[in-house]
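In: just the structure for this:
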Amino acid sequence: MSFTGALTALVTPFNKGVVDEDAYRNLIEWQIEQGINGLVPCGTTGESATLSHNEHAQVVRICVDQAKGRVPVLAGSGSNSTKEAIELTKVAKQAKADGVLLITPYYNKPTQDGLVAHFKAVAKEVSIPMILYNVPGRTCVNMLPETLSRLFREVPEVKGVKEATGNMAQVSEVLEYCGADFIVLSGDDFTVLPLLALGGKGVISVVSNIVPDKMSDLCRTFTAGDMNKAQDLHYELAPLCRAMFLETNPVPAKTSLALMGKIKPELRLPMVRMQSNNEARLKDLLGQAGLVALTQ
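Out: This next block holds a predicted model:
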């Protein structure tokens, strides 16, 4: 399976403090029906930081089982502990995920050599396709293009990167150093179109939780060479992309899905419900997009 086009960084629905399996399966089924190109359970949007290891394994197994091979499943398995990342990657492989998404270690701020050693250690223990995740805004460490090139050359399991610096100069350097076979996916919904123009392959998206068809169409129309349609979709999605960050992700995404009747509006501490003024703005934007009834 290839990791291209629009892959949704799925939220994890909860009900009364536990994973809401029925809602999760229904959400996955709706995503596939709407034409999404891949699914990413247990990423940041999936509140992986507050899932127990048993819940983490449960969520990945549900996703793989419900997808039934129709689209690839890229399971989040990263940690700032190399040992823990190895264990979570083993879980993903045992669940028959098609690959794993591995965030750079956060909080402990490793050097570039430390990053290389971390990912090599995971690959040595578990051979499975790996997309690395570079998001300095959350981790306080930037995985440089030279480091990615070295990992691509020395670690066969490393297939690409989810690039969330928002820095198109860095994306260009990654592609320049790693070549066209390296999969570069946008980690920011705002930068999908420019990243595709540089040679990227798609996006791991937050906004596609609520509009999987639109984000999939953006990637598809660009690949088909219909730049005008891709630009139209880029600007059509822009207000919703901003809405997904009215507060910390995944609060707006889960609130939106709850307003759309897909899941319950339940978050796990330290995430809390949206402030009422932001929720009103969100509902208005969703109404303008035709996703919920407009507020009178």
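In: which ones are touching the closest residue to Met271 other than its chain neighbours?
Out: Nearest non-adjacent residue to Met271, counting by Cβ to Cβ, 6 or more residues apart in numbering: Val251, 5.8 Å away. All C-beta atoms are positioned from the backbone trio N, CA, C, and that covers glycine. By Cβ atoms under 8 Å, 6 or more residues apart in numbering, the contact set of Val251 is 267, 271-274.
In: try it again at 10 Å.
Out: Counting by Cβ atoms under 10 Å, 6 or more residues apart in numbering, Val251 touches 11, 244-245, 265, 267, 271-275, 278-279, 282.
In: out of those, who's the most crowded?
Out: Val11 (28 neighbours; other Cβ atoms under 10 Å).
In: how about the secondary structure of that one?
Out: Following DSSP: H, G, I helix; E, B strand; the rest coil, Val11 is assigned to coil.
In: related to what we said a few turns ago, out of the contacts of Val251, which one sits closest to Gly17?
Out: Nearest to Gly17 among those is Leu267, at 11.0 Å by Cβ to Cβ.
In: can you tell me which two in the contacts of Val251 are farthest apart?
Out: Going by Cβ to Cβ, the pair spanning the contacts of Val251 furthest: Val11 and Gln275, at 19.0 Å.
In: show me the shaky parts of the stretch 1-150 of the chain.
Out: 1 (pLDDT under 70).
In: all helices of it, in order?
Out: 21-33, 53-67, 82-94, 112-125, 136-139, 145-154 (DSSP state H, counting those that start in this stretch).
In: in the third one, which residues are buried?
Out: Pointing back at helix 82-94 there. 82, 85-93 (16 or more other Cβ atoms under 10 Å).
In: could you dump the residues you listed into JSON lines with distance to Leu237 added?
Out: JSON lines is the format used below for the buried residues of helix 82-94 (distance: Cβ to Cβ, whole Å):
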{"residue": "Thr82", "distance to Leu237": "37"}
{"residue": "Ala85", "distance to Leu237": "32"}
{"residue": "Ile86", "distance to Leu237": "37"}
{"residue": "Glu87", "distance to Leu237": "37"}
{"residue": "Leu88", "distance to Leu237": "31"}
{"residue": "Thr89", "distance to Leu237": "32"}
{"residue": "Lys90", "distance to Leu237": "36"}
{"residue": "Val91", "distance to Leu237": "33"}
{"residue": "Ala92", "distance to Leu237": "29"}
{"residue": "Lys93", "distance to Leu237": "34"}
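In: looking at this structure, which helix is longest?
Out: helix 227-243 (DSSP state H).
In: next SSE downstream of it?
Out: Using DSSP states H and E, the helix or strand that follows helix 227-243 towards the C-terminus is helix 251-259.
In: identify whichever of the helices of the stretch 1-150 of the chain lies nearest to Gly290.
Out: helix 21-33 (15.9 Å).
In: about what we covered before: kindly indicate which of the buried residues of helix 82-94 lies nearest Phe182.
Out: When these are compared against Phe182 (criterion: Cβ to Cβ), the nearest one is Thr89, at 20.1 Å.
In: who's in contact with that closest one?
Out: 75-79, 97, 100, 102, 122-123, 125-128, 130, 157.
In: could you flag which of the residues you listed are buried?
Out: 75-79, 97, 100, 102, 122-123, 126, 128, 130, 157.
In: how far does stretch 101-113 stretch from start to finish?
Out: Stretch 101-113 has an end-to-end distance of 20 Å (Cα to Cα, to the nearest Å).
In: centre of the chain to it, how far?
Out: In terms of Cα atoms, centre = their mean, to the nearest Å, the centre of stretch 101-113 is found 17 Å from the chain centre.
In: what are the buried residues along it?
Out: 101-106, 110.
In: and what of stretch 167-178?
Out: 170-175, 177-178.
In: out of those residues, list just those in helices.
Out: Using DSSP H, the buried residues of stretch 167-178 in helices are 170-175, 177-178.
In: what's the spacing between Asn142 and Ile183?
Out: 19 Å (Cβ to Cβ, to the nearest Å).
In: dump the ones in helices among the buried residues of stretch 167-178 into TSV; add pLDDT and distance to Leu233 as well.
Out: Output for these, formatted as TSV (pLDDT from 0 to 100; distance: Cβ to Cβ, whole Å):
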residue	pLDDT	distance to Leu233
Gln170	97	24
Val171	97	20
Ser172	98	23
Glu173	98	27
Val174	98	24
Leu175	98	23
Tyr177	97	30
Cys178	98	27
